[in-house]
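Enquirer: next comes the sequence, and after it the predicted model I'd like to discuss.
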Amino acid sequence: TQRIRAQVGWSVFEGEGGDARIRAQGKTYTAQEISAHVLVHMVRLAEGATGETVDSAVITVPAYFNDQQRQATRDAAEIANIECLRIINEPTAAAMAYGYGQSRSQRIVVYDLGGGTFDVSVLHMGDDLIEVVSTGGDTFLGGDDFDAVIADHIRRSFESDGMGTIPTSHQANVRLNHAAEKLKRELTEQDQATTKIPGLARDSSDSPVDVEAGLNRTLARQLCMPLIQRSFVVCDDALAQAGLSPAQVDGIVLVGGMTRFPIIKEAVAQYFGEEPIDSINPDEVVAVGAAIQASQLTRVSEEPAPVLLDVTPQTLGVRTLGDFIEPIIPRNSAIPTMASKVFHTVKDNQEEVRIRVYQGDAREARSNYLLGEFVLDGLPVGPRGHAKVRVSFGIDADGMVNVTATASETGSTKQMRVESSSNLTRGEVQALKFSTSDDTDSSEAEEPAAVPDDFLSKGEGFVLEDDDLLLDDDDDDLMLEDEEGDDDLMLDDDELIE
């Protein structure tokens, strides 16, 4: 969020629920509202192109989006009065566009580098099957980062010539980043590019000075290579999760406007040892796949829909002793799936435990997303380690998570169904819904598309089987040890069940 604040021309601040909010033209918006305006704009474009009314859509999201971000996307559709037929991952949509109507059995990689995020997915494609084998991502790697690197080069080059200094004000940074983006775009079509920013700098007498900058592809490659290497670190991990090497991949599909940059294409080809597929416009391939899915869901197309088999994008686990996460279902596990592990108490005469469910791949609990928590009571009284609790996770085909905790000796059981929730309540979403006049007011929707993906990252939600399970104090906590000496559980290594 701090990075975005320095790059954009509107204000970003913390909302009442701890989420990022946007202030522009004297108005305050949630991220969902901005996304809703983008959706309304897209609906207008579709209606203008087809001459038909559009009231539903298949919406694509980065593969690495967590449950809260996906629910925030659904909220945006509801605010925009658009029925969300389905949310599918962008790499899956790209694979559908690539393989639709063709008898292919291949292992492909979708390399998706957009404006704000990077995703890579390894997929297996059969005649009527699209199976996601593994996925990975970096939610802070995208075109904006390449712009920032080029902008920094412009600043350093100009100031080293002694012609003046470029202010570090918000407005100056925005103008500098826009100039950097212009150079990057021009280098997509030609080997060299130049730009001029009138009055951006100040000389020793504080008079305005124009900034002129030039860049060629060779220098741009040197500047951008550290960012490109960051994407390959993610690729290394995704391929390792899939049990493949780059040479074992049958095809590489490029997605996202940044993959138009020749430097990116060349680096990807070198990494995989073959030229990536660019027969489909990387700016359109995800939309094409989403349209194919929408036509099948609405029965516009008579072609049978392929079977989509997905994986969990992030690890699911419970909080452990010392604020660590014990994974139950690792990321890239095929769904539907089930898994369980056995834990034991860490205090004498511990009668109940609190189970906190997290999503994320960080080792420390505080760096992951809390999906929900509940208390299991009825444990047999005894010395530490006497009572054992089995914690089981299940994910169904729709991605819904169910968690069950069972005391081994007494059979006492509690369950929790994790319900997706964003930072907005149902009532707040309903209150934000656009009226007919809102939908047709172009001034409300002007230039809303620059909202970064990481804004849709806050919020917690869960539904407990019994309303009286949550405790107000932390005296009896699952796998937590703090200053107050809470009651905990530890992983029972002797009874670990994968």
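Expert: Nice, thanks for sending it over.
Enquirer: please settle this for me: is Asp119 part of a strand?
Expert: Yes: assessed by DSSP: H, G, I helix; E, B strand; the rest coil, Asp119 belongs to a strand.
Enquirer: and it, how many neighbours?
Expert: Neighbour count of Asp119, defined by other C-beta atoms under 10 Å: 30. All C-beta spots, glycine's among them, are computed from the backbone N, C-alpha and C.
Enquirer: and Ala240, by the same measure?
Expert: Neighbour tally, Ala240, other C-beta under 10 Å: 13.
Enquirer: next, work out how far apart it and Asp127 are.
Expert: 28 Å (C-beta to C-beta, to the nearest Å).
Enquirer: now do Ala238
Expert: 24 Å.
Enquirer: tell me which of these two has more neighbours.
Expert: Neighbours per residue, other C-beta under 10 Å: of Ala238 and Asp127, the larger number sits with Ala238, 24 against 10.
Enquirer: residue contacts, that one?
Expert: Neighbouring residues of Ala238 by C-beta atoms under 8 Å, 6 or more residues apart in numbering: Val109, Val120, Ser121, Val122, Ser134, Thr135, Gly136.
Enquirer: wait, a helix at the last one?
Expert: So the one you mean is Gly136. No: looking at Gly136 with three-state DSSP, it is strand, so not inside a helix.
Enquirer: thinking again about what came up before, closest one to Val268 out of the contacts of Ala238, please.
Expert: Distances from Val268 to the contacts of Ala238, taken as C-beta to C-beta, are shortest for Val109 (9.2 Å).
Enquirer: gap between that closest one and Ile329?
Expert: From Val109 over to Ile329 (counting by C-beta to C-beta), the distance is 24 Å.
Enquirer: between those two, who's got more neighbours?
Expert: For Val109 versus Ile329, neighbours defined as other C-beta under 10 Å are more numerous around Val109 (29 against 22).
Enquirer: what residues are up against the more buried one?
Expert: By C-beta under 8 Å, 6+ apart, the neighbours of Val109 are Val120, Ser121, Val122, Leu123, Cys235, Ala238, Leu239, Val249, Gly251, Ile252, Val253, Phe272.
Enquirer: let's have the residues you listed in TSV, adding secondary structure and distance to Ala180.
Expert: Output for the contacts of Val109, formatted as TSV (DSSP: H, G, I helix; E, B strand; the rest coil; distance: C-beta to C-beta, whole Å):
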residue	secondary structure	distance to Ala180
Val120	strand	25
Ser121	strand	29
Val122	strand	32
Leu123	strand	34
Cys235	helix	25
Ala238	helix	29
Leu239	helix	32
Val249	coil	32
Gly251	strand	32
Ile252	strand	27
Val253	strand	27
Phe272	helix	28
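Enquirer: compare these and tell me which is most surrounded.
Expert: Neighbour-wise, the contacts of Val109 (other C-beta under 10 Å) top out at Ser121, 32 neighbours.
Enquirer: that one: what's it in contact with?
Expert: The contact partners of Ser121, taken as C-beta under 8 Å, 6+ apart, are 63, 89, 91-92, 95, 109-110, 112, 132, 134-136, 238.
Enquirer: if we go to 6 Å?
Expert: Ser121 makes contact with Ala63, Pro91, Val110, Val132, Thr135, according to C-beta atoms under 6 Å, 6 or more residues apart in numbering.
Enquirer: among those residues, name the ones in helices.
Expert: Pro91 (DSSP state H).
Enquirer: so for the contacts of Ser121, which is the shakiest by pLDDT?
Expert: Within these, pLDDT reaches its minimum at Ala63, with 81.
Enquirer: tell me the contacts of that one?
Expert: Taking C-beta under 6 Å, 6+ apart, we find Ala63 in contact with Asn89, Pro91, Asp119, Ser121, Thr135, Pro313.
Enquirer: can you map out the helices along the protein?
Expert: According to DSSP H, the helices that the chain contains are 2-7, 31-50, 67-79, 90-99, 143-160, 170-189, 217-242, 262-272, 285-297, 426-432, 436-440.
Enquirer: closest to Ser205 out of those helices?
Expert: When these are compared by C-beta to C-beta, helix 143-160 sits nearest Ser205, at 16.2 Å.
Enquirer: pull out the buried residues from the closest one.
Expert: Buried residues in helix 143-160, counted by 16 or more other C-beta atoms under 10 Å: 143-151, 153-155, 158.
Enquirer: same for that helix, what does it pack against?
Expert: Under the contact definition 3 or more C-beta pairs under 6 Å, 6 or more residues apart in numbering; DSSP states H and E, helix 143-160 sits against helix 170-189, helix 217-242.
Enquirer: run the angle between that helix and helix 170-189 for me.
Expert: Calculated by axes from the mean of the first three to the mean of the last three C-alpha atoms, to 10 degrees, helix 143-160 forms an angle of 110 degrees with helix 170-189.
Enquirer: what about helix 143-160, average pLDDT?
Expert: 95.
Enquirer: mind listing residues that contact that helix?
Expert: With C-beta under 6 Å, 6+ apart, helix 143-160 has contacts from 115-116, 165-166, 176-177, 180-181, 183, 211, 213, 223-224, 227, 258.
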